[in-house]
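K.L.:
For reference, the sequence and a predicted model appear below.
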Amino acid sequence: MRAAPFRLGIGGEGKQLIIKTTRTTVSFSEPFSLRNVEGIQPPGSYVVCVENEPIEGLWHAAYRHISTTNQISPASSSREQSRFVPIDQTDLDAMPMKD
(Lines give C-alpha, C1' and ligand atoms only; values in the text may rest on other atoms or scores of the structure.)
Protein backbone atom coordinates (compact mmCIF):
# COMPACT_ATOMS: atom_id res chain seq x y z
CA MET A 1 0.00 0.00 0.00
CA ARG A 2 1.31 3.44 -0.89
CA ALA A 3 0.14 6.62 0.81
CA ALA A 4 -0.52 9.43 -1.62
CA PRO A 5 -0.20 13.13 -0.87
CA PHE A 6 -2.78 14.93 1.18
CA ARG A 7 -5.23 17.26 -0.53
CA LEU A 8 -7.43 20.08 0.71
CA GLY A 9 -11.20 19.80 0.91
CA ILE A 10 -13.91 22.07 2.27
CA GLY A 11 -15.55 21.02 5.53
CA GLY A 12 -18.44 22.36 7.54
CA GLU A 13 -18.64 26.15 7.97
CA GLY A 14 -16.28 26.61 5.01
CA LYS A 15 -13.23 25.31 6.90
CA GLN A 16 -10.46 23.71 4.88
CA LEU A 17 -9.79 20.06 5.68
CA ILE A 18 -6.81 17.95 4.75
CA ILE A 19 -7.92 14.72 3.11
CA LYS A 20 -5.54 11.74 3.17
CA THR A 21 -5.68 9.53 0.08
CA THR A 22 -4.15 6.06 -0.09
CA ARG A 23 -3.77 4.48 -3.55
CA THR A 24 -3.29 0.73 -3.74
CA THR A 25 -3.05 -1.62 -6.70
CA VAL A 26 -5.01 -4.83 -6.21
CA SER A 27 -4.98 -7.86 -8.50
CA PHE A 28 -8.07 -9.98 -9.04
CA SER A 29 -7.64 -13.62 -9.98
CA GLU A 30 -11.18 -14.06 -11.33
CA PRO A 31 -13.71 -11.92 -13.21
CA PHE A 32 -15.82 -9.79 -10.85
CA SER A 33 -18.75 -7.41 -10.84
CA LEU A 34 -19.40 -4.16 -8.99
CA ARG A 35 -22.77 -2.74 -7.97
CA ASN A 36 -22.06 0.61 -9.67
CA VAL A 37 -20.61 -0.76 -12.91
CA GLU A 38 -22.48 -2.51 -15.66
CA GLY A 39 -21.09 -5.88 -16.77
CA ILE A 40 -18.36 -8.20 -15.59
CA GLN A 41 -14.83 -6.85 -15.09
CA PRO A 42 -11.94 -9.04 -16.27
CA PRO A 43 -9.27 -10.37 -13.90
CA GLY A 44 -6.24 -8.12 -13.58
CA SER A 45 -4.77 -5.22 -11.63
CA TYR A 46 -6.89 -2.25 -10.55
CA VAL A 47 -6.20 0.95 -8.61
CA VAL A 48 -8.20 1.42 -5.40
CA CYS A 49 -8.26 4.81 -3.64
CA VAL A 50 -9.31 5.26 -0.03
CA GLU A 51 -9.96 8.79 1.27
CA ASN A 52 -9.98 9.73 4.95
CA GLU A 53 -10.42 13.06 6.74
CA PRO A 54 -8.92 14.01 10.10
CA ILE A 55 -11.07 13.92 13.23
CA GLU A 56 -10.49 17.21 15.00
CA GLY A 57 -10.28 17.77 18.73
CA LEU A 58 -8.45 14.58 19.70
CA TRP A 59 -5.07 14.50 21.40
CA HIS A 60 -3.81 11.97 18.81
CA ALA A 61 -4.11 11.74 15.02
CA ALA A 62 -7.25 9.91 13.91
CA TYR A 63 -9.07 9.76 10.59
CA ARG A 64 -12.65 9.12 9.46
CA HIS A 65 -13.30 7.10 6.28
CA ILE A 66 -14.86 9.16 3.48
CA SER A 67 -14.82 6.92 0.41
CA THR A 68 -13.32 3.94 -1.37
CA THR A 69 -13.19 3.99 -5.18
CA ASN A 70 -11.98 1.55 -7.84
CA GLN A 71 -10.45 2.72 -11.12
CA ILE A 72 -12.14 0.95 -14.02
CA SER A 73 -10.31 0.98 -17.34
CA PRO A 74 -12.27 0.34 -20.53
CA ALA A 75 -11.53 -2.51 -22.92
CA SER A 76 -8.67 -1.62 -25.26
CA SER A 77 -11.07 -1.32 -28.21
CA SER A 78 -13.26 1.25 -26.40
CA ARG A 79 -12.99 5.04 -26.69
CA GLU A 80 -14.26 5.39 -23.12
CA GLN A 81 -11.88 6.88 -20.52
CA SER A 82 -10.85 5.30 -17.24
CA ARG A 83 -13.09 6.31 -14.35
CA PHE A 84 -13.26 5.91 -10.59
CA VAL A 85 -16.42 4.30 -9.24
CA PRO A 86 -17.50 4.02 -5.60
CA ILE A 87 -17.00 0.62 -4.01
CA ASP A 88 -18.00 -0.62 -0.59
CA GLN A 89 -14.99 -1.76 1.46
CA THR A 90 -16.79 -4.97 2.50
CA ASP A 91 -17.43 -5.80 -1.18
CA LEU A 92 -13.74 -5.23 -1.94
CA ASP A 93 -12.69 -7.45 0.98
CA ALA A 94 -14.94 -10.26 -0.30
CA MET A 95 -13.49 -10.28 -3.84
CA PRO A 96 -11.08 -13.03 -4.89
CA MET A 97 -7.62 -11.45 -5.15
CA LYS A 98 -4.30 -12.87 -6.24
CA ASP A 99 -1.75 -13.49 -3.50
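P.N.:
Here it is on my side, so go on. This one's a predicted model, so the numbers in the text were calculated from it and none came from an experiment.
K.L.:
switch to C-alpha atoms for all contacts and neighbour counts from now on
P.N.:
Fine.
K.L.:
now the residue located most distally from the centre of the chain: how far from Lys20?
P.N.:
Within the chain, the residue lying farthest from the chain centre (Cα atoms, centre = their mean) is Trp59, at 27.9 Å. Noted for Trp59: a distance of 18 Å to Lys20, by Cα to Cα, to the nearest Å.
K.L.:
Same check on Leu34?
P.N.:
Distance from Leu34 to Lys20, by Cα to Cα: 24 Å.
K.L.:
the more surrounded of these two?
P.N.:
Lys20 (20 against 17; other Cα atoms under 10 Å).
K.L.:
does the residue nearest to Asp88 when sequence neighbours are not counted sit in a helix or strand, and which one?
P.N.:
Excluding its sequence neighbours, the residue lying closest to Asp88 (Cα to Cα, 6 or more residues apart in numbering) is Thr68, at 6.6 Å. According to DSSP states H and E, Thr68 maps onto strand 63-72.
K.L.:
What's the first helix or strand after that strand?
P.N.:
strand 83-86.
K.L.:
List the buried residues for the helix or strand following that next one?
P.N.:
The helix or strand immediately downstream of strand 83-86 is helix 89-94, counting by DSSP H and E. Buried residues in helix 89-94, defined by neighbour count with 16 or more other Cα atoms under 10 Å: Leu92.
K.L.:
Just to check, the residue nearest to Asp88 is in contact with Val47?
P.N.:
No - Thr68 is not in contact with Val47 according to Cα atoms under 8 Å; the separation is 10.6 Å.
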